[in-house]
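Enquirer: mind folding the following:
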Amino acid sequence: MTEPVYVTKTRTAYDTVADSYAETLKDALDASPWDRAMLGTFAELVGETGPVGDLGCGPGRLTGYLASLGLDVFGVDLSPGMVDAARWAHPQLRFEVGSLEALALDDGGLAGALAWYSLIHTPPELLSSVVAELARVLAPGGRLLMAFQVGDERRHISQGYGHEVSMDAYRLQPDFVAGLFTAAGLDVEARLVREPEPPHEKTPQAYLMARKPS
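Expert: Model (predicted):
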């Protein structure tokens, strides 16, 4: 099966910027109480009920943070470069190369799934199948937390973290994402929209948390 062009472009772009991305954002969580609040709530609700997947983990900065909160967490990312950076930064944790479109995980195997800006490169018309895949790997009672930029437009990215790249990113409306969750059989529990935090953000940011019914 031929890989979609957007997947290839996304992998290539993140392989290109992996080391610069990891260095630039390594301490970003320290300056974002809203991010920490949502991740902390997610960690408290999931607790020790089972494994958690940081799906689209990048260099593993949030994987490491969730582990520090006591979760049994591992990371998956499309980019081998990002996975290498994550393994270097967090050698005690497990990281694997994989695609969110077809996760190499059993049905119902996760107590929690984190999709932190990892669905923003998927065209909106294709997101329903990706969200359904995330729902598939959640156990009954398991939770999904997603973060994304708010808006309606497609943005082409040609420069990133000091490198030339070529990929698209999509801004999404919370109601649209909530509808995808509902269609996948998940119950939306919470949503938060906040103003952008400079210097890395230019648009409002959203978080949605959902639970798979028991």
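
Enquirer: strands along the protein, start to end?
Expert: 52-55, 73-77, 95-97, 110-116, 138-149, 154-160, 163-170, 187-194, 205-211 (DSSP state E).

Enquirer: and residue 4, which of those is closest to it?
Expert: Set against residue 4 and scored by Cβ to Cβ, the strands of the chain come closest in strand 163-170, at 11.8 Å. Backbone N, C-alpha and C define where each C-beta goes, glycine included.

Enquirer: which residues sit against the closest one?
Expert: Strand 163-170 is contacted from outside by 6, 9-10, 12-13, 16-17, 20, 120-124, 149, 153-159, using Cβ atoms under 8 Å, 6 or more residues apart in numbering.

Enquirer: so where's the longest helix in the protein?
Expert: Longest helix in the chain, counting residues (DSSP state H): helix 5-25.

Enquirer: for it, buried residues please.
Expert: 7, 9-11, 13-19, 21-22 (16 or more other Cβ atoms under 10 Å).

Enquirer: do the same with stretch 205-214
Expert: Under the neighbour-count rule (16+ other Cβ under 10 Å), stretch 205-214 has 205, 206, 207, 208, 209, 210, 211, 212 buried.

Enquirer: tell me if I'm right that the first one and residue 151 touch.
Expert: Read that as residue 205. No - checked against Cβ atoms under 8 Å, the pair residue 205 and residue 151 is beyond contact range at 10.4 Å.

Enquirer: which neighbours do these two share?
Expert: What both residue 205 and residue 151 touch, as defined by Cβ under 8 Å, 6+ apart, is an empty set.

Enquirer: low-confidence regions, the chain specifically.
Expert: 1 (pLDDT under 70).

Enquirer: kindly recompute the last result at 90.
Expert: 1-3, 25, 28, 31, 157, 159-163, 197-202 (pLDDT under 90).

Enquirer: one step back: what's the longest helix of the chain in contact with?
Expert: 58-59, 61, 77-82, 84-85, 89, 99, 101, 121-123, 157, 160-168, 200.

Enquirer: buried only: go through the residues you listed for me.
Expert: Going by neighbour count (16+ other Cβ under 10 Å), these have 58-59, 61, 77-79, 81-82, 84-85, 89, 99, 121-122, 160-161, 165, 167-168 buried.

Enquirer: follow-up on the earlier one: could you dump the buried residues of helix 5-25 into TSV with distance to residue 141 added?
Expert: Conversion of those to TSV gives the following (distance: Cβ to Cβ, whole Å):
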residue	distance to residue 141
7	31
9	36
10	31
11	33
13	36
14	32
15	36
16	39
17	37
18	35
19	38
21	34
22	33
